[in-house]
Structure formats: C-alpha cells, structure tokens
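# Structure of the sequence below:
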Amino acid sequence: MSNNTMLDSQTKAQILLEAIEDRKGHEPILLDLRGKVNVADFFLIVTATSLPHLRALAENVLERAKDEPGMAKPNVQGEASVEWVLMDFGDVVIHLMSEEARERYKLEQFWTTPQPKGALPPVPGTVLPETPQNAWDIEEDDDEEDAEDDVAFFASLDLEVEPIDEDIVE
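Below you'll find the predicted structure:
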C-alpha cells in the first residue's frame, strides 16, 4: 500500500483496536456508527486501569498510527488529563478513559441509545459538580433557607393563566 492511499474506516478501526489490545486496554468496545451519525464511522472506547496505563495506550496507538501507511495523524485532546484522552482519526475516534470516567460518562450507552433531538455527547475534560476537585460544599442547614427562597420565587411569578381557545386545539 502506498503512503498516499488512505485506509478504509473498518481497516483503520481494526488496526487501532490491535494497538489497544497490544497494551492490554481493558474492555475495549468498537461501536459501528456508520449510517447513524456523521461524527465518525467507529468509536473505540477503552478503559485504562491507571495513569501510566492510559499513557502507554495513547503512546502505542500513536506509534502504530505513525508506522501504518495510509493512517493520518490524529487530533489528540486531553493529553494532560488523568481520566480521558480522545484520539480523533477522522472516521475512527478512540476514547481512552479511566474506570471512573467510563462509568460516569457511559459513552456506550449514549451512542447506542436513541437520544432526543439536539442532545450532545459529554465533552472530554468536563468536570461534573460531584467530582472531588469541584465538590459542592452543601451544608445541612441550607434546606430551610432554600425553602424560603423557593416560596419567594413562586410568589413573585405571575400565576394568572389564560384559558385555552378550544377552536385552536384539535
């Protein structure tokens, strides 16, 4: 195969899966998204069991891609992350995730379950409020104050409702 011959997405996905398996990526799942979304043909979702494992997986994928004729250099996001590295090869996207991130974001479920129109996937590096580095400091005695705020909010609303014109509804 010459260097300017591009690989088809299925071949590319298999080569990248092999690179993941060479470094013992945990529970790799290859999602075939052809005909379902325009983002990519395949998502490869893999769990890394530690930060060194995450880095080893990413390095091996990059080395394998560099050595493979017809494989374009990926756009890589989250290299400084300890929980999620995204490697975008165009038609194949690899998600290298920590166990916690994979459980939290549930990408397999998101991309295999019909979503409401306009739903967006989670973004690598997104920090949710319940994560230890940004945990909300909720005090026990805030409940009374919250209830008072709720009462004031609802009291300020214009609660007058116009009747529905039955000729319009049919």
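
# Which strand residues bridge the residue nearest to residue 31 when sequence neighbours are not counted?
Excluding its sequence neighbours, the residue lying closest to residue 31 (Cβ to Cβ, 6 or more residues apart in numbering) is residue 43, at 4.3 Å. From N, CA and C alone the C-beta is placed, and that goes for glycine too. Listed by DSSP bridges, the beta-bridge partners for residue 43 are residue 31, residue 93.

# cool, the one 4 residues further on as well?
With beta bridges defined as DSSP bridges, residue 47 has these partners: residue 26, residue 97.

# okay, now it: neighbour count?
21 (other Cβ atoms under 10 Å).

# again, but for residue 67
Once other Cβ under 10 Å is used to define contacts, residue 67 is seen to have 10 neighbours.

# Could you check how far it is from residue 36?
In this structure, residue 67 and residue 36 are 31 Å apart, going by Cβ to Cβ, to the nearest Å.

# Also residue 68?
Distance, residue 68 to residue 36, using Cβ to Cβ: 26 Å.

# Those two: which has the busier surroundings?
A side-by-side neighbour count of residue 68 and residue 36, using other Cβ under 10 Å, places residue 68 first with 16 against 12.

# Show me where this protein has its strands.
Taking DSSP state E as the criterion, the chain contains strands spanning 26-32, 42-48, 75-77, 84-88, 92-98.

# So for stretch 81-97, first residue to last residue, what's the gap.
One end of stretch 81-97 to the other measures 10 Å (Cα to Cα, to the nearest Å).

# In that stretch, which residues are buried?
Under the neighbour-count criterion of 16 or more other Cβ atoms under 10 Å, stretch 81-97 has 81, 83-89, 91-97 buried.
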